[in-house]
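Colleague: give the three-dimensional model of this entry:
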Amino acid sequence: MRIGELSRRTGVAIPTIKYYVREGLLPPGELTSPNQASYDESHERRLRLVRALIDVGGLSVQAVGEVLGAVDNPAQPLHEVLGAATKRMMPRYGDAEDPELAAAREEVAALIERRGWRVPPDSPAARSLAGALAAMERVGHGDFAEEVLDQYAQAAEQVAVADLAYVGRNASREDLLEMVVIGTVLGEAVLAATRRMAHQNASARVYGDRPPGAGDA
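Modeller: Presented below is the predicted three-dimensional model:
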């Protein structure tokens, strides 16, 4: 197909496609004349992946180039390819220390050791969890980690197994990477909405038939 057809199929403007080619995110088309190039389905797939990384994953053009470099390197283990994508999609957090955050980091490290997770305690996700636990401590709910955190971790393990089982049905590295991008962002939205529905159900079962102000029988 010509670049115009590639643009129509993907919804990406021609100047943007040319920019991605210059930046190495998209392989150049096969020259059919000095001023014309031909593109195929592999270009369309790669272009859609680039847009998913930028639009859904929120990555910069530079970060997309680094992730795609990992995808295209056959010597790169798949685990590291997936890690390259998820690491760049995690928000960054400040380094400001306080007693709550220091304690929360210790709690997260203990959780990782307790559950035998192969996760560095200073990973972006671990830092994110520590920040959330520290915030809970500051508003008077520091017992959350002691009472509920392991149950959350157990549920998260089940979700992770289900996610990877679904992703594993896709054969190519690009398939896997695309599912990580979509699953990381949209999957979290699905999980949050499902959790809210479960809360609504649990609340209705526990409190739905109880008149206002009634205590336990």
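
Colleague: following the lowest-mean-pLDDT helix or strand in the chain in sequence, what is the next regular element?
Modeller: The helix or strand of the chain with the lowest confidence, counting by mean pLDDT, DSSP states H and E, is helix 78-89 at a mean of 68. Using DSSP states H and E, the helix or strand that follows helix 78-89 in sequence is helix 99-115.

Colleague: next, the buried residues of that next one.
Modeller: 100-101, 103-105, 107-109, 111-112 (16 or more other CB atoms under 10 Å). To be clear about C-beta, it is placed using only N, CA and C from the backbone, and glycine gets the same treatment.

Colleague: state the mean pLDDT of it.
Modeller: Helix 99-115 carries an average pLDDT of 93.

Colleague: tell me the buried residues in the helix or strand following it?
Modeller: Downstream of helix 99-115, the next assigned helix or strand under DSSP H and E is helix 124-138. Neighbour-count burial for helix 124-138, counted by 16+ other CB under 10 Å, picks out 124, 126-127, 129-131, 133-134, 136-137.

Colleague: now do the helices in the chain.
Modeller: In the chain, the helices defined using DSSP state H lie at 3-10, 14-22, 41-51, 61-72, 78-89, 99-115, 124-138, 144-147, 149-167, 173-207.

Colleague: which strands or helices does the fourth one pack on?
Modeller: Think helix 61-72. Of the remaining helices and strands, those touching helix 61-72 by 3 or more CB pairs under 8 Å, 6 or more residues apart in numbering; DSSP states H and E are helix 41-51, helix 78-89, helix 173-207.
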